[in-house]
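Asker: Fold the following for me, if possible:
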Amino acid sequence: MTATLAGPAGQRSRGRVVQAGQRRRRLAGLLVLLLALVLAVGLSLAFGARAIPLGAVWDALLNPPTGAQDPDTIVVRSLRVPRTVIGVLVGMALGVAGALMQGHTRNPIADPGLLGVNQGAAFAIVLAVVVFGVQDLSSFIWFGFAGAMLAAIVVFVLGAVGGRGATPVTLALAGAAVSALLYGIISAIVLGNRQGMETYRFWHVGSIAGRDFAIAGQIAPFLVVGLLLALMNTPGLNTLSLGEDVAKSLGQDLRRTRVTGVLAITLLTGAAVAACGPIAFLGLIVPHVARFLTGPDYRWLVPFAALLGAVLLLLADVLGRIVSGDSFEVGIMLAVLGAPVFIVLVRRRGLARL
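Answerer: Numbers count the residues shown, from 1 in each chain. Predicted coordinates:
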């Protein structure tokens, strides 16, 4: 009898030891990523077309000179600090949105723009420039965010038509249809309007340059709400990963889980895209790297994706500044760097499975 009871008890003990080891490794991974983010922030403040020593960066942040400011202080406080803050916010948003999108669609090549958010924001911004004559970046960001939200709502409604509710397949098909329609309309508008073409081309590249604290303040509330919804969505995603039938048998409300996830994706992606334009590959690659580090548990995967997204976006921006003297926007650099990484991910079947 003692031997019979010792077996299950020993297995439970070993299981607790394994779980404790996994928790320690994941906490250590979060700490490493936090340190990497601090390093990336420092590099973003110090390097660029004009290299500034770290000591001068520190003085510019904490002990700015009185009276006439020197050039280093102006560059750091007026240009690089807002750019870095925007980079952190947008990187976190796209990393988390990509993780949620891949989890909800069960599609390893899904990215945050699958809901038509990118084209919705682009369509609204083109209308703001061409129809309403809006020229200020901080003003047409609101148009971009409204367009992103409206496009996501239309996609979700179309995906839910038929009585079965929105499913991963119907959402993907509706998103592709809406994106194609809006892209055609945008092309027709900008081809006949030079100002609209110039604004759309500049925005569509994907950039965190030229943004100030006002824009960070505009998108921050939406990003905070989106991140909170994403964290609330993680238990439901863990259950969904077992399959819809199993999730239903465990009492999971699939409709509420999907609505929460879609709302979080829309808020995060809509705010990021409206502020910086569509930034390719970040929301596609980051979730795979985070999943490789943490495993399939979304309670850990989402925080890892947030930190990884911020780090990778800042490093790509710094590399673009160093290589081209600030001529290569971060969207271009991520496309150049992301394509080969994506090919490697596709060839490694273990990372491609969800």
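
Asker: What are the buried residues along stretch 286-301?
Answerer: For stretch 286-301, burial by neighbour count (16 or more other CB atoms under 10 Å) applies to 286-291, 293-294, 298, 300-301. Just so you know, the C-beta spots here come from the backbone N, C-alpha and C atoms, and that holds for glycine as well.

Asker: With stretch 119-136 instead?
Answerer: For stretch 119-136, the neighbour count (16+ other CB under 10 Å) marks 119-130, 134 as buried.

Asker: Output the below-cut-off pLDDT ranges for the stretch 151-300 of the chain.
Answerer: Counting by pLDDT under 70, the stretch 151-300 of the chain has low-confidence residues at 162-166.

Asker: now with 50?
Answerer: Counting by pLDDT under 50, the stretch 151-300 of the chain contains no low-confidence residues.

Asker: what are the ranges of the helices in it?
Answerer: Using DSSP state H, counting those that start in this stretch, the helices of the stretch 151-300 of the chain run over residues 168-191, 194-204, 213-240, 244-249, 254-276, 282-294, 298-324.

Asker: So which of those helices is nearest R77?
Answerer: helix 213-240 (10.4 Å; CB to CB).

Asker: circling back to that earlier point, output the buried residues of stretch 286-301 as a markdown table; include the columns distance to L34.
Answerer: Formatted as a markdown table, the buried residues of stretch 286-301 follow (distance: CB to CB, whole Å):
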| residue | distance to L34 |
| --- | --- |
| V286 | 16 |
| P287 | 19 |
| H288 | 21 |
| V289 | 16 |
| A290 | 14 |
| R291 | 19 |
| L293 | 14 |
| T294 | 15 |
| Y298 | 20 |
| W300 | 14 |
| L301 | 16 |
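
Asker: from those, which single one is nearest M101?
Answerer: Using CB to CB, the buried residues of stretch 286-301 come closest to M101 at P287, 8.1 Å.

Asker: you'd agree the closest one is up against A99?
Answerer: Yes: here P287 reaches A99: they are 4.1 Å apart, a contact under CB atoms under 8 Å.

Asker: what do those two both touch?
Answerer: Taking CB atoms under 8 Å, 6 or more residues apart in numbering as the contact rule, P287 and A99 both touch 301, 305.

Asker: Let me know the distance separating the residue nearest to V289 when sequence neighbours are not counted from A209.
Answerer: In this structure, V289 finds its nearest non-sequential neighbour in L308, 5.8 Å apart by CB to CB, 6 or more residues apart in numbering. From L308 across to A209, the span is 22 Å (CB to CB, to the nearest Å).

Asker: neighbour count winner among these two?
Answerer: More crowded of L308 and A209, by other CB atoms under 10 Å: L308, with 25 against 19.

Asker: How confident is the prediction for that one, by pLDDT?
Answerer: If you check L308, the pLDDT there is 96.

Asker: Now the host helix or strand of S139: buried residues?
Answerer: Using DSSP states H and E, S139 falls within helix 137-160. Applying a neighbour-count criterion of 16+ other CB under 10 Å, one finds 137, 140-141, 143-156, 158-160 buried in helix 137-160.

Asker: How about exporting it as CSV, limited to the C-alpha atoms?
Answerer: The C-alpha trace of helix 137-160 is given here as CSV (Å, rounded to 0.1, in the frame of the first residue of the first chain):
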residue,chain,number,x,y,z
LEU,A,137,0.7,64.6,-38.1
SER,A,138,-0.8,64.8,-34.6
SER,A,139,-4.2,65.6,-36.2
PHE,A,140,-4.5,62.9,-38.8
ILE,A,141,-3.4,60.3,-36.3
TRP,A,142,-7.0,60.4,-34.9
PHE,A,143,-8.3,59.8,-38.4
GLY,A,144,-6.0,56.8,-38.7
PHE,A,145,-7.0,55.3,-35.4
ALA,A,146,-10.7,55.8,-36.2
GLY,A,147,-10.2,54.1,-39.6
ALA,A,148,-8.4,51.2,-38.0
MET,A,149,-11.2,50.7,-35.5
LEU,A,150,-13.9,50.9,-38.1
ALA,A,151,-12.2,48.5,-40.4
ALA,A,152,-11.8,46.0,-37.6
ILE,A,153,-15.4,46.3,-36.6
VAL,A,154,-16.5,45.7,-40.2
VAL,A,155,-14.2,42.6,-40.5
PHE,A,156,-15.6,41.2,-37.2
VAL,A,157,-19.2,41.8,-38.3
LEU,A,158,-18.6,40.2,-41.7
GLY,A,159,-16.8,37.3,-40.0
ALA,A,160,-19.7,36.7,-37.7
